[in-house]
Every structure is written in structure tokens, then in C-alpha cells.
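Undergrad: quick one, structure for this:
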Amino acid sequence: MSRLPAEAPEPVLSAPERAAFAKGLAQFNDRLFFECHDTLEELWSGVRGDARDFFQGLIQVAVGFHHLGNGNRPGAMTLLRRSLARLGGYPARYGGVELAPLRQAVAEWLACLEAGEKTPPSPPTITIAEGTPA
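TA: Numbering: from 1, shown residues only. Alright, predicted model coming up:
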């Protein structure tokens, strides 16, 4: 994982990349975690610079919940930990995503999983920041 500068520049995406990103976030919110992973991974493969870990962190959240849905708690915990490490260096709002509530929700899920407690009733959603271009 790279260290971010104090003010990481926002990712610059082409119109097709923005469409793919919106599609991946919608898939996540529709609980289509495997599909979200595929969509965002294709986008991530072309991303360079400071935004790369952001996209990879989102992919890891999706894969973590995919593992959880398949009963793979250890795999889910590993990916959720990795996602928090990757997303932790970004501001509360980055790339058009409200990251602070997502990180908090993922941390709560992870804490429940690690403690062997009952998890929240449904996975978190990814909230798009107001004013984000479509």
C-alpha cells in the first residue's frame, strides 16, 4: 500500500470508467458482491497513482462480503481487514464515495466477526457523496 500525500488528488475517470464505477457501486448496494468485484477489478486494472488503493479497498470490501455470504468467515475477516488498511489513508469523502460511514460499518462487522458475535442484519451500503457527477 502506498502512502498518500496530505491531499490525495481525486481519481480522474473517463465517462466509460465513471459508468463502470457507478455500476460496481450499484452492484455492491444490490448485494451482488461477486459482480461488483468483477466490475471494479476491471476498472482498477487501468488505474494508476494515488487512487489505486481506493479502488482496491472497495474491491476487498466486496470480496469480504462475498466470502461471508459463502460461509467463509476467516476469508471475510482477512479481506475486511485489508480493505480497512487500504481505505484508511483516504479522507472521509473520496472519489465520490462517503468513505467514513463505510469504514465505520466495515469495522463494526469485522469486530462482530472477530468476537464471534452476531453480525448486523445486512451488509453496509456505499453512499455516493452529494454533488458527485454521474
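
Undergrad: how close does G69 sit to F34?
TA: Applying C-beta to C-beta, to the nearest Å, the value for G69 to F34 is 9 Å. The way it works is simple: take the backbone N, C-alpha and C, and place the C-beta from them, glycine included.

Undergrad: now swap in L99 and tell me
TA: As defined by C-beta to C-beta, L99 lies at a distance of 22 Å from F34.

Undergrad: who's more crowded, these two?
TA: For L99 against F34, the residue with the higher neighbour count under other C-beta atoms under 10 Å is L99, and the figures read 21 against 14.

Undergrad: pLDDT at the more buried one, what is it?
TA: As summarised for this prediction, L99 has a pLDDT of 95.

Undergrad: just checking, it touches G89?
TA: No: with contact defined as C-beta atoms under 8 Å, L99 does not count as touching G89 (10.2 Å).

Undergrad: how many neighbours does L79 have?
TA: L79 sits with 23 neighbouring residues when counted by other C-beta under 10 Å.

Undergrad: which residues touch stretch 113-128?
TA: Contacts made with stretch 113-128 from outside it, assessed by C-beta atoms under 8 Å, 6 or more residues apart in numbering, are listed as 25, 28-29, 31, 33, 58, 65, 68, 73, 76-77, 80, 96-98, 101-102, 105-106, 108-109, 111-112.

Undergrad: can you pull the contacts of the residue most central in space within the chain?
TA: Within the chain, the residue whose C-alpha comes closest to the C-alpha centroid is L58; the distance, by C-alpha atoms, centre = their mean, is 1.9 Å. L58 is in contact with G24, F28, L40, S83, L87, V97, I126, counting by C-beta under 8 Å, 6+ apart.

Undergrad: which stretches of the chain have low pLDDT?
TA: Across the chain, residues meeting the criterion (pLDDT under 70) sit at 1-6, 131-134.
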